[in-house]
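1. Any chance you can model this:
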Amino acid sequence: MGEKDAILISKELKKNYGKLVAVDGVSLEIQPGQCVGLLGPNGAGKSTFIGMVYGATPRSGGELSVFGLDPQTNSRDIKKRVGVVTQEDCLDEAMTVQENMSMFARFSGVPSHEIERRVRKLLEFMALDHKRDASIRALSGGMKRRLVFVRALLAQPELIILDEPTTGLDPAVRHLLWEKVLELKEAGTTILLTTHYMDEAERLCERLIIMDQGKIREDAPPRELIERHCPGYVAHFRNREVGNTLHHYLSEHPEGVVYEDSAGVGVRGPDLPWISAMVSKIETAPEVVRPANLEDVFLKITGRGLGSHA
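-> Residues are numbered from 1 along each chain as shown. Take a look at the predicted model:
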């Protein structure tokens, strides 16, 4: 597929708020049927980029096209073809589930004769059909998030934007939503996902874009990012005092890397025998030994954790 087939194209896209540069020359393409993860620390520019995609935020420079349309002049036409799962639920708590979804279906331009059938079908899809007549106040937080998915799907969108869709949810609800996103992906829906969960990004996305300080730092499949930036294994220690010992060991074995995170100190080596020899030499048992993952990639590229404000 080429540029003419792309669902979304940005070229040197910029957004300034006075002297603050929120998005700084972002160029990317998203092809039909892709599930693309947009990752970055808080303040990286992800939400600003998404706001420009569906016309809520005017750009300061560059080019942006969604379905071949400019969001600044054709936002209404674009919104008809885009479903958004926002960070906030924004449901009318004075209404029932059915009333909420019927109201949003009308706002989304769903034909009157289609509304009841489509709402019923989507409530079943999100395992909420038994709550059709319940008030929004009676729903758990997880149910409300699932209902926001229903709302986003009412107009049968070609592009779905998931803006941190599972933040704060328990693991069971997160996994249920992952299953539904994978079903949408298999059906050919194009998905743009922002998340603070690396396991979520790796499970759902075939391509990850890492942003930091308004710029794209990386754009590649998850496994390729790991192999490129952080091949090997990691030993992690809760005791930060072991850090000096690790640095001394690595002065003689420079193929390893020491880093600190919020949970302690880690050292990454090229393979398990290297990790085993290091542990034997420093005579301190790590809390865990694991293959390097996307968290390690993210920390290396940005120097920060995914949820960091710093």
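2. quick one: contacts for residue 279?
-> Counting by C-beta atoms under 8 Å, 6 or more residues apart in numbering, residue 279 touches 235, 285-286. (C-beta placed from N, C-alpha, C; glycine too.)
3. What about these, which one has the most neighbours?
-> Highest neighbour count within those: residue 235, with 26 neighbours (other C-beta atoms under 10 Å).
4. just how off-centre is stretch 128-144 within its chain?
-> 25 Å (C-alpha atoms, centre = their mean, to the nearest Å).
5. where exactly do the helices run in the protein?
-> 46-53, 71-79, 97-107, 112-125, 141-153, 171-186, 198-204, 222-229, 242-252, 272-282, 294-302 (DSSP state H).
6. hang on, isn't residue 191 packed against residue 36?
-> Yes. Residue 191 is within contact range of residue 36, at 7.1 Å (criterion: C-beta atoms under 8 Å).
7. how close does residue 250 sit to residue 189?
-> 46 Å (C-beta to C-beta, to the nearest Å).
8. Comparing those two, which shows the higher neighbour count?
-> residue 189 (20 against 16).
9. Quick check: phi and psi on the more buried one?
-> phi -70, psi 140 (degrees, to the nearest 10).
10. From residue 301, how far out is the nearest residue to residue 300 once chain neighbours are set aside?
-> Nearest residue to residue 300 in three dimensions, chain neighbours excluded: residue 229, at 5.3 Å (C-beta to C-beta, 6 or more residues apart in numbering). Distance, residue 229 to residue 301, by C-beta to C-beta: 7 Å.
11. Overlap of the contact sets of these two?
-> residue 218.
12. quick one, what contacts residue 264?
-> Residue 264 neighbours (C-beta under 8 Å, 6+ apart): 236-240, 287.
13. same thing with residue 263?
-> Residue 263 neighbours (C-beta under 8 Å, 6+ apart): 236, 238.
14. And residue 224, how close does it get to residue 118?
-> Going from residue 224 to residue 118 by C-beta to C-beta gives 39 Å.
15. The two: who's more crowded?
-> residue 118 (20 against 12).
16. Tell me who's in contact with the more buried one.
-> Applying C-beta under 8 Å, 6+ apart, the residues near residue 118 are 105, 110, 154, 156.
17. So among the residues you listed, which ones count as buried?
-> 105, 110, 154 (16 or more other C-beta atoms under 10 Å).
18. any chance of those residues in TSV, plus distance to residue 69 and pLDDT?
-> Shown next, in TSV, are the buried ones among the contacts of residue 118 (distance: C-beta to C-beta, whole Å; pLDDT from 0 to 100):
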residue	distance to residue 69	pLDDT
105	23	93
110	21	92
154	21	93
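19. In JSON lines: the residues you listed, plus distance to residue 294.
-> Putting the buried ones among the contacts of residue 118 into JSON lines (distance: C-beta to C-beta, whole Å) gives the following:
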{"residue": "105", "distance to residue 294": "37"}
{"residue": "110", "distance to residue 294": "38"}
{"residue": "154", "distance to residue 294": "33"}
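20. So what sits opposite residue 37 in the bridge?
-> Beta-bridge partners for residue 37, by DSSP bridges, are residue 193, residue 208.
21. so where is the stretch 1-150 of the chain shaky, pLDDT-wise?
-> Within the stretch 1-150 of the chain, the stretches with pLDDT under 70 are 1-3.
22. ok, now which ones touch the nearest residue to residue 245 once chain neighbours are set aside?
-> The spatially closest residue to residue 245, leaving aside those adjacent along the chain, is residue 282, at 5.0 Å (C-beta to C-beta, 6+ apart). By C-beta under 8 Å, 6+ apart, residue 282 lies in contact with 242, 245-246, 249.
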